[in-house]
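Chemist: following is a predicted model, sequence given first.
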Amino acid sequence: MPKTLKKIQSGFTIIELLIVIAIIGILAGLVLNNFQGAQAKARDVQRKTRINSLYSKLEEYYNNNGGYPDGTLSTTVLPGMDAAALTDTNGAAITQSFATVATAPTAPTTTSANQMFYQAYNGCVGNVAQSPVGSTCTKYTLTAYQEKSSTYSKTSLN
């Protein structure tokens, strides 16, 4: 009887390697996509926190001065306010607009996910040098455009 030599196979075939590489690529893509989504959600939470902080300080300002600021918001106008809360997540100053009418000014038509707005209205003198005496606005709306959810807004209590 002739002896047959069995060839011992060691290692992986090219097909097996390609399948493993494809699976790793798919898993890496899923993880990366979820990570980017988590970062966008974190920025949205940061915007909401800033809006809520501004909201509290504006209501405190109203209680002390009988009106809302009708000039540029700053840490001077809102003492104790964190300066970072007066910027959007890119570090640009919050867009502000003022009106003397009872309806809020129209927000810009082109917006990006990082923009935040302070719109004061109903009796405002309008973007003048701010002092407690000049606090004539009776209403406002704070708005933040979100990346992962809808627009987030807070309106004055009064």
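Modeler: Looks like it arrived, so ask away.
Chemist: please make it C-alpha for all contacts and neighbour counts, starting now.
Modeler: Will do.
Chemist: and the strands in this structure?
Modeler: Using DSSP state E, the strands of the chain run over 95-98, 116-121, 139-144, 152-155.
Chemist: strand partners of the first one, parallel vs antiparallel please.
Modeler: Strand pairing for strand 95-98, using DSSP bridges, gives strand 116-121 (parallel).
Chemist: just to revisit the earlier point, so which of the strands of the chain comes closest to Pro79?
Modeler: Nearest to Pro79, of all the strands of the chain, is strand 116-121, at 17.2 Å by Cα to Cα.
Chemist: for the most centrally placed residue in the chain, which non-adjacent residue is closest in space?
Modeler: Closest to where the C-alpha atoms of the chain average out (Cα atoms, centre = their mean) is Arg47, at 3.5 Å. Nearest residue to Arg47 in three dimensions, chain neighbours excluded: Ala144, at 6.4 Å (Cα to Cα, 6 or more residues apart in numbering).
Chemist: from Ile23, how far out is the one you found?
Modeler: According to Cα to Cα, to the nearest Å, Ala144 and Ile23 sit 39 Å apart.
Chemist: where in this protein is pLDDT low?
Modeler: 1-9, 104, 106-114, 125-135 (pLDDT under 70).
Chemist: mind running it again at 50?
Modeler: 128-133 (pLDDT under 50).
Chemist: mind jotting down where the helices sit in the chain?
Modeler: 14-65 (DSSP state H).
Chemist: show me what contacts Leu78?
Modeler: Contact analysis of Leu78 by Cα atoms under 8 Å, 6 or more residues apart in numbering lists Lys57, Leu58, Tyr61.
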